[in-house]
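1. Provided below are the primary sequence and the corresponding predicted coordinates.
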Amino acid sequence: MTEIFGVPIQALMGQLMLGLVNGSFYAILSLGLAVIFGMLNIVNFAHGALYMAGAFFAWMLLNYAGINYWMALVIAPLGVALIGVVIEKTMLRWLHQLDHLYGLLLTFGLALILEGIFREFYGSSGLPYDLPEVFRGVFDLGFMMLPKYRVWVIVVSIVLCFFTWFVIEKTKLGAYLRAGTENPDMVKAFGINVPLMVTLTYAFGVGLAGLAGVMAAPIYQVSPLMGSNIIIVVFAVVVIGGMGSILGAIVTGLGLGLIEGLTKVFFAEASTTVVFVIMAIVLLIRPAGLFGREK
């Protein structure tokens, strides 16, 4: 068997694939966080809980209503986005112009509430979610077996992330969104409903978290703890990429997933901390993050 630095190529490629799958979820979740922070100036600590809610909505749709994965990909993110609309309109709207700490504390409290509700009804143990029939099985590449569903997750996340980047950075809609955060009075003068735009932006950001939760359900067990287990790493990704940087969130999420996978091969004990080591180094060299703008 071919080896690279003493590691069988099959094991190396398997860990890289696992890292890329994890990185895909990091990218989608950090993208949603970056959109919300960049557009609304809010540190949304409830993001992990809403990711978990998306996975649970998919599980409930399948087990209580018989609604399959494909419909859940649409319905569950819309349900999470609707929760986001309620949160923004009833609570976050009053915090946009205040210090980041207020939004962080509020959304942290919301995360604990959501996690507690699901834990009360479903316990802390994970619930299985079956793979869609079309994605069962693997692609045989000769040197490794590539699970079909993981390929689907990677492709969808990359397309979704760069589509979102293109809309925000290269279209008139994105220009309105950016202008609405920097000078809302001027944007209102053009007849644009800025409060509605803010609400829809938050709904879109958390909807991305809900979509990530649906895609994660067949890979990881659906659990009330799945959001809190990933959100700290996602925040580290956002900090490394640059708070509010859309491209930084995408590139850093995918890149750190690969680095995490490689670390599991060569130094498994450090795989859970390598992201935070990188974050510390980046902040020492470039406090605004790799793609952030220095103030």
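-> Thanks, I have it.

2. please, where are all the helices along the stretch 1-150 of the chain?
-> Listed in chain order, the helices of the stretch 1-150 of the chain (DSSP state H, counting those that start in this stretch) span 9-40, 47-65, 69-90, 100-122, 148-170.

3. make a markdown table from those helices and add mean neighbour count to it.
-> (Each C-beta comes from the backbone N, C-alpha and C, glycine too.) Below are these laid out as a markdown table (neighbours: other C-beta atoms under 10 Å):
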| stretch | mean neighbour count |
| --- | --- |
| helix 9-40 | 24 |
| helix 47-65 | 24 |
| helix 69-90 | 19 |
| helix 100-122 | 16 |
| helix 148-170 | 17 |
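
4. ok, which of these comes nearest Phe266?
-> With C-beta to C-beta, the closest approach to Phe266 among those belongs to helix 9-40: 9.2 Å.

5. show the average pLDDT along that closest one.
-> For helix 9-40, mean pLDDT rounds to 84.

6. now for it, which elements pack on it?
-> helix 47-65, helix 148-170, helix 172-182, helix 194-216, helix 226-241, helix 246-266 (3 or more C-beta pairs under 8 Å, 6 or more residues apart in numbering; DSSP states H and E).

7. and those helices, which one is worst for confidence?
-> helix 172-182 (a mean of 73).

8. who does the following helix or strand past that one touch, helix- and strand-wise?
-> Per DSSP states H and E, helix 172-182 leads on to helix 184-189 as the next helix or strand towards the C-terminus. Here helix 184-189 touches helix 172-182, helix 194-216, going by 3+ C-beta pairs under 8 Å, 6+ apart.

9. as a markdown table, those helices with distance to Ala72 would be great.
-> Putting the helices and strands packed on helix 184-189 into a markdown table (distance: least, C-beta to C-beta, whole Å) gives the following:
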| stretch | distance to Ala72 |
| --- | --- |
| helix 172-182 | 27 |
| helix 194-216 | 5 |
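
10. deepest of these, which one?
-> Across the helices and strands packed on helix 184-189, the average number of neighbours (mean count of other C-beta atoms under 10 Å) peaks for helix 194-216, which reaches a mean of 24.

11. roughly how far does Ile281 sit from Gly257?
-> 18 Å (C-beta to C-beta, to the nearest Å).

12. same drill for these two, tell me which one is more crowded.
-> The neighbour comparison of Ile281 against Gly257 (other C-beta atoms under 10 Å) goes to Gly257, with 25 against 11.

13. OK, contacts around that one?
-> Shown in contact with Gly257 (C-beta atoms under 8 Å, 6 or more residues apart in numbering): 19-27.

14. and stretch 119-139, which residues are buried?
-> Neighbour-count burial for stretch 119-139 flags 122, 127, 129, 131-132 (criterion: 16 or more other C-beta atoms under 10 Å).

15. the residues you listed: which two are farthest apart?
-> Largest separation among those by C-beta to C-beta: Tyr122 and Pro132, giving 22.2 Å.

16. right, so of the helices of the stretch 1-150 of the chain, which gets closest to Ala179?
-> Ranked by C-beta to C-beta, the member of the helices of the stretch 1-150 of the chain that lies closest to Ala179 is helix 9-40, at 10.5 Å.

17. what inclination does the closest one have with respect to helix 47-65?
-> Put simply, helix 9-40 runs at 110 degrees to helix 47-65, going by axes from the mean of the first three to the mean of the last three C-alpha atoms, to 10 degrees.

18. distance of Leu92 relative to Val85?
-> From Leu92 to Val85 the distance is 10 Å (C-beta to C-beta).

19. need the overlap of contacts for the two.
-> Taking C-beta under 8 Å, 6+ apart as the contact criterion, the residues that touch both Leu92 and Val85 are Tyr202.

20. any idea how far Leu146 is from the residue lying closest to Gly174 once chain neighbours are set aside?
-> Distances taken as C-beta to C-beta, 6 or more residues apart in numbering put Ile168 closest to Gly174, at 3.9 Å, once the chain neighbours are dropped. Distance, Ile168 to Leu146, using C-beta to C-beta: 32 Å.

21. cool, Ser157 as well?
-> For Ser157 relative to Leu146 (C-beta to C-beta), the value is 16 Å.

22. quick one: secondary structure of the closest residue to Ser245 other than its chain neighbours?
-> In space, Ser245 comes closest to Phe291 once its chain neighbours are excluded; the distance is 4.0 Å by C-beta to C-beta, 6+ apart. Three-state call for Phe291 (DSSP: H, G, I helix; E, B strand; the rest coil): coil.
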